[in-house]
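In: Output the structure for:
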Amino acid sequence: MRYIFLIYSQERSDPLPPDEVQTLMNNHWAVMQDSKQKGVLLGVDALKPTNTATTVRVNDAQALITDGPFAETKEQLAGYYMLECKDLDEAIEWAKRIPTGCKGAEGCIEIRPIHELSRRP
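Out: Numbering: from 1, shown residues only. Got it, this is the predicted structure:
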């Protein structure tokens, strides 16, 4: 089953020191490399900051377009992994390894199974 791992973290106004950024990236590369070698990696990407987001709401066939994310929260969607896992237990084990936003109350990894939609011919 395909699972998406939504990475939520707090955006920072002050950038991380370069050595912390490098450590974080090395930890992500390790998870990506291991999941690719095991044949479960389907995709992974980071998202640009929320100030680059655009939200579209349609009401009575009228589109309302606003800058920014849909929700005003402390934690923002920062990126995702998509993995093919045999079950939720395996997905949880992978989520434990994702290094971003997993420290205390500073963020979380949301695991969601992918609902397979039929494709139109």
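In: Summarise which helices and strands the strand or helix carrying C108 is packed against.
Out: Element membership for C108, per DSSP states H and E: strand 107-113. Using 3 or more C-beta pairs under 8 Å, 6 or more residues apart in numbering; DSSP states H and E as the contact test, the elements touching strand 107-113 are strand 2-10, strand 75-84, helix 88-97. C-betas here are computed from N, CA, C, even on glycine.
In: wait, which of the ones you listed is closest to L41?
Out: Closest approach to L41 among the helices and strands packed on strand 107-113 (C-beta to C-beta): strand 75-84, 6.1 Å.
In: what about the longest helix in the protein?
Out: The longest helix of the chain (DSSP state H) is helix 18-37.
In: Give me the contacts around that one.
Out: Residues outside helix 18-37 that contact it (C-beta atoms under 8 Å, 6 or more residues apart in numbering) are P15, L16, L41, V44, Y81, L83, W94, R97, I98, P99, T100.
In: Over to stretch 91-98?
Out: The contact list for stretch 91-98 (C-beta under 8 Å, 6+ apart) reads 3, 5, 7, 28, 31, 34-35, 40, 81, 83, 85, 102, 109, 111.
In: Just the closest of the residues you listed to L64, please.
Out: I7 (27.9 Å).
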